[in-house]
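Visitor: Generate coordinates for the sequence data below:
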Amino acid sequence: MKSIEQLQEALEKELNMYKEVAKLVDGKTNVIVKGKVKELDEITKKEQQLISQMGTFEKIRRAIFVNISNEINIKEPTSLSELLLHLEEKGIDSNILNGIDKIRNDLLEVIGQINEINKLNEKLIKQSLDYINLNMELLTSLNEQVNHYGSKATTENTKANKSLLDMRV
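Guide: Next comes the predicted model:
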């Protein structure tokens with residue numbers, strides 16, 4: 001069936017895109033650690049472009065699902081796994097089905113890796129923001145006490161001058 005070949009090709013292209021996203025997301029980790037905001041912005045833009053392209057492949061895959069379901073007279077499947085079950089029931093070559101199932105498993109694995117890396121990056125960004133907030137609080141503290149020692153060695157407590165940075169990010 002031509003539609004099954006098209007499905008396999010679309011899934012392979014989608015897998016390659018997810019692998020590219022995984023590389024970008026992994027590269028983000030080093031950029032976040034080094035605090036290179038400009039590079040992070042560039043990586044994020046590339047990632048958004050790939051995600052947009054992946055949305056197009058999702059539509060193509062859905063159209064292929066419709067074609068296959070019409071060709072084998074089944075209700076349109078909601079997932080690739082469901083489609084594979086229907087194709088197996090219809091006696092489609094198991095080598096083809098195994099190839100598609102392998103791509104599906106690879107996709108799930110790459111998506112899982114992306115999720116894990118994204119969780120790590122989220123934690124790193126949160127730590128960076130917490131550190132920045134702590135520094136801002138220290139810089140903007142208005143209740144800091146200053147000790148002045150006079151000629152009689154007494155302590156005089158006065159409020160420090162307001163900081164130029166009287167705000168919190």
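
Visitor: what kind of secondary structure is residue 77 in?
Guide: Here residue 77 is recorded as coil under DSSP: H, G, I helix; E, B strand; the rest coil.

Visitor: gap between it and residue 45?
Guide: Using C-beta to C-beta, to the nearest Å, residue 77 is found at 34 Å from residue 45. C-beta: built from backbone N, CA, C; applies to glycine.

Visitor: what's the closest non-adjacent residue to the spatially most central residue of the chain?
Guide: Centroid check for the chain by C-alpha atoms, centre = their mean gives residue 118 as the closest residue, at 4.6 Å. Of all residues not flanking residue 118 in the chain, residue 25 sits nearest, at 6.1 Å (C-beta to C-beta, 6 or more residues apart in numbering).

Visitor: Would you mind finding the longest helix in this structure?
Guide: Counting by DSSP state H, the longest helix found in the chain is helix 94-140.

Visitor: Regarding stretch 30-38, how distant is the last residue from the first?
Guide: 13 Å (C-alpha to C-alpha, to the nearest Å).

Visitor: Tell me the buried residues in it?
Guide: Within stretch 30-38, the residues that count as buried by 16 or more other C-beta atoms under 10 Å are 31, 32.

Visitor: follow-up on the earlier one: how deep is the residue nearest to residue 118 tucked in, by neighbour count?
Guide: A count of nearby residues for residue 25, using other C-beta atoms under 10 Å, gives 20.

Visitor: Okay, angle between the stretch of helix or strand it belongs to and helix 94-140 too, please.
Guide: Secondary structure from DSSP states H and E places residue 25 in helix 2-34. Interaxial angle of helix 2-34 relative to helix 94-140 (axes from the mean of the first three to the mean of the last three C-alpha atoms, to 10 degrees): 20 degrees.
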